[in-house]
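Engineer: How does the following fold in three dimensions:
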Amino acid sequence: MGEQLFLERFVWFDNETRHGRYPNAFKLAAQFEISTKTAQRSIDYFRDRLNAPLEYVLSLKGYHYTNSSFQLPVTRISEDELLALLISRKLITEASAGSLAEDLESISRRLGSLLAANLPGRAKPEEAFSFRWKGISPTDPITFKAVTSALLLGKLLTFSYYSPTASNCTERTVEPHHMVNYMGNWHLIAFCHLRNDWRDFVLGRMTLTDVEGAAFQFRSVEEWRPYLANTFGIFQNRKSFNVVLRFTPERSRWVKGELWHEKQGEVIEPDGSLVLSIPVSHEAEIMMEILKHGSQVKVLDPEWLRAKVIKEMESAVKKYQE
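Structural biologist: Numbering: from 1, shown residues only. The predicted structure is shown next:
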């Protein structure tokens, strides 16, 4: 932690100097709540060990650079790297991060110092990007901390889990292997002792989480990786199936180019309609995606999914006719 704070002082002091604010030991001490002696030692180290071309201006009671081309080693990054840092900064602070929110905010502030020093053309570069999430299941900070702890330490995790499909709550003991943030929601891919199989758990549906003392042997990545990459969405079943959809010419202009899955297929028909084929594992998730397009999409295959969509639409019409 000491080295991180030490580096943060250099980044801040460099930024203040570069923008002509003539920082000194008193300003540095006030910024980081340290003594003026410690602040002065930091400035001396900055000048003598990092070869910063600092010169004290008596009339302005602060330092300036005698060579404006000087850059801290940590700030010598490319434009592409700066862009990646900027977007990452917003992502990590706006994603639902549970108990890591304060730590991420601390990292975000440090990245902000780097960005401010390297993007002088924009006073507040963090205002250039943002992320929006919808339909999020908030993660309890205690739950998030327990899950991440069990995952990183390789220990068994126990919790009570509410399943919306079965409408009940069960006690689970699992071997956590991977966490993924999908559409703003945190999911845990774990081997469940109750089901003796791999399962995907939404952290927002967990309660009474506890990290057991017992460690477990991590299983091969080939066992759980298919739960993330093989089919559309995050919900998983044992068997996958291929879904073929036809979008109207009007809706095709919006859907064309969207990546639903890396193995999807697209065909543009003469009238402008788009035929999209994608591998799917869970009917509930693909049905939600289909229904949101309403009359602008038609299920071509499989026939049983087409029948389910028709039935769901008929039920919806009845609701409005009541």
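Engineer: Touching, Pro249 and Val275? I think so.
Structural biologist: No. Using Cβ atoms under 8 Å, Pro249 is not in contact with Val275; the gap is 11.9 Å. C-betas here are computed from N, CA, C, even on glycine.
Engineer: So between those two, which is more surrounded?
Structural biologist: The residue with more neighbours, out of Pro249 and Val275, is Val275; 16 against 13, by other Cβ atoms under 10 Å.
Engineer: Am I right that that one is in a helix?
Structural biologist: No. Assignment of Val275 by DSSP: H, G, I helix; E, B strand; the rest coil gives strand, placing it outside any helix.
Engineer: ok now do Val57, which residues does it touch?
Structural biologist: Val57 sits next to Tyr22, Tyr63, His64 when contact means Cβ atoms under 8 Å, 6 or more residues apart in numbering.
Engineer: Cross the residues you listed against strands and list the overlap.
Structural biologist: Counted as lying in strands by DSSP state E, out of those, are Tyr63, His64.
Engineer: just the contacts of Val57 now: which is nearest Asp14?
Structural biologist: Tyr63 (10.4 Å; Cβ to Cβ).
Engineer: Neighbours of that closest one, how many?
Structural biologist: Applying other Cβ under 10 Å, we find 25 other residues in the vicinity of Tyr63.
Engineer: How are the strands of this structure distributed by residue range?
Structural biologist: With DSSP E as the criterion, the chain has strands at 54-57, 62-65, 155-163, 168-182, 185-192, 197-202, 206-215, 241-247, 265-268, 274-280, 297-301.
Engineer: Most tightly packed of these?
Structural biologist: Between the strands of the chain, strand 185-192 has the highest mean count of neighbours, a mean of 21, where neighbours are mean count of other Cβ atoms under 10 Å.
Engineer: report the angle between the axes of that strand and strand 155-163?
Structural biologist: 110 degrees (axes from the mean of the first three to the mean of the last three Cα atoms, to 10 degrees).
Engineer: List the neighbouring strands of strand 185-192 plus their orientation.
Structural biologist: Sheet pairing of strand 185-192 (DSSP bridges) gives strand 168-182 (antiparallel), strand 197-202 (antiparallel).
Engineer: for that strand, what is the average pLDDT?
Structural biologist: Strand 185-192 carries an average pLDDT of 88.
Engineer: got the CA coordinates for it in PDB?
Structural biologist: C-alpha atoms of strand 185-192 as PDB (Å, rounded to 0.1, in the frame of the first residue of the first chain):
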ATOM      1  CA  ASN A 185     -25.500  -9.100 -13.200                       C
ATOM      2  CA  TRP A 186     -22.800 -11.200 -11.500                       C
ATOM      3  CA  HIS A 187     -23.000 -14.900 -12.100                       C
ATOM      4  CA  LEU A 188     -21.000 -17.700 -10.500                       C
ATOM      5  CA  ILE A 189     -20.100 -20.900 -12.500                       C
ATOM      6  CA  ALA A 190     -19.700 -23.600  -9.900                       C
ATOM      7  CA  PHE A 191     -19.900 -27.400  -9.500                       C
ATOM      8  CA  CYS A 192     -22.900 -28.000  -7.300                       C
END
